[in-house]
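Chemist: Sharing a sequence plus its predicted fold:
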Amino acid sequence: MNEPKLRDMLTRFQDGTVDLETVVSELRRLPFEDVMSSVDKGCITARVDHHRELRCGFGEVIFCMGKSVSQVSDIFAKLAATGQNVLATRATREMFDAVATNFPSAEFHETARTIALVQNQIEPVGNVAIVAAGTSDLPVAEEARITAEIMGANVTTHYDMGVAGLHRLLADMPEIREAKVLVAVAGMEGALASVVGGLVSVPVIAVPTSVGYGASFAGLAALLAMLNSCAAGVSVVNIDNGFGAGYNAALINRT
């Protein structure tokens, strides 16, 4: 439950248009709700944080990796029952099929590996630009895009902008410079973040990806390069963490 909904419900109770039992019923699942396993009876598999949206502005997001199909489906249902928008990351098609049985309007974004359910349309604001070095970086870049969009950000994408062909990036710089915050996604040597950071006057969130040959050490080379960027204004999230970058970009975009 978000703050506007809570305020509206309490106002209606004060006006007498909602009875006490309705209010108690709505508040009963706050601040969290246990999710019982649909496979192992009596086992609590998760404690869904229904206060997250009230505290942080967006509800709890489901990280699907390591969870079973039934666990994802059960947690998704608990979050969706509150009427909020729901996002699940690192999801599989099988997980989506289970979710879509109960929520047919949910969408599976295959490249981003996300499941998104929009129950409250948010008027997009601001401008987040996502710049990705290569086509191989698209799963991480798309995860960032879906995250930022479901949190209410206008997003523009600029893909295949690697520094090996710098003219491609420079051609898009007029539009990129209009953004309020940038997400720079790159594997290999991770140079894109430093280049972009030296060309704009807004925060740059760098995302190293695990794309590259052996000496890239599954993204470690890009991570260290971005952490050592000589461009001011560049901050770095973990390897392949498109969700974290998109979330932070959306928060900055709101201000």
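Modeler: Happy to help now that I have it. Numbering: from 1, shown residues only.

Chemist: Report the beta-bridge partners for residue 186.
Modeler: When assigned by DSSP bridges, residue 186 has beta-bridge partners residue 208.

Chemist: I figured it hits residue 222, correct?
Modeler: Yes - the pair residue 186 / residue 222 is scored as a contact, 6.1 Å apart, by CB atoms under 8 Å. Using the backbone N, CA and C atoms, a C-beta is placed for each residue, glycine as well.

Chemist: Need the overlap of contacts for the two.
Modeler: 208-209 (CB atoms under 8 Å, 6 or more residues apart in numbering).

Chemist: what's the next secondary structure element after the lowest-mean-pLDDT helix or strand in the chain?
Modeler: Scoring the helices and strands of the chain by mean pLDDT, DSSP states H and E places strand 32-36 at the bottom, with a mean of 65. Counting by DSSP states H and E, the element after strand 32-36 in chain order, helix or strand, is strand 44-49.

Chemist: That next one pairs with which strands, parallel or anti?
Modeler: Sheet pairing of strand 44-49 (DSSP bridges) gives strand 32-36 (antiparallel).

Chemist: shouldn't residue 212 be in contact with residue 222?
Modeler: Yes - between residue 212 and residue 222 there is a contact under CB under 8 Å: 7.1 Å.

Chemist: higher neighbour count, these two?
Modeler: residue 222 (31 against 21; other CB atoms under 10 Å).

Chemist: May I see the buried residues of the strand or helix carrying residue 126?
Modeler: Using DSSP H and E, residue 126 sits within strand 125-132. The neighbour-count check on strand 125-132 (16 or more other CB atoms under 10 Å) flags 126-132 as buried.

Chemist: could I get it in CSV with only the CA atoms?
Modeler: Taking C-alpha atoms only, strand 125-132 is exported to CSV below (Å, rounded to 0.1, in the frame of the first residue of the first chain):
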residue,chain,number,x,y,z
VAL,A,125,8.4,11.9,-15.8
GLY,A,126,11.9,13.1,-16.4
ASN,A,127,14.4,11.5,-18.7
VAL,A,128,16.6,8.5,-18.1
ALA,A,129,19.0,7.6,-20.9
ILE,A,130,20.4,4.1,-21.1
VAL,A,131,23.6,3.7,-23.1
ALA,A,132,24.9,0.2,-23.9
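
Chemist: Show residues contacting the very next helix or strand once past that strand.
Modeler: Remark: after strand 125-132, the chain's next helix or strand is helix 138-150, criterion DSSP H and E. With CB under 8 Å, 6+ apart as the test, helix 138-150 has contacts from 61, 85, 87, 89, 109, 111-114, 116, 118, 124, 128, 130, 132, 155, 157, 159, 183, 185, 207, 209, 240-243, 245-247, 249-250, 253.
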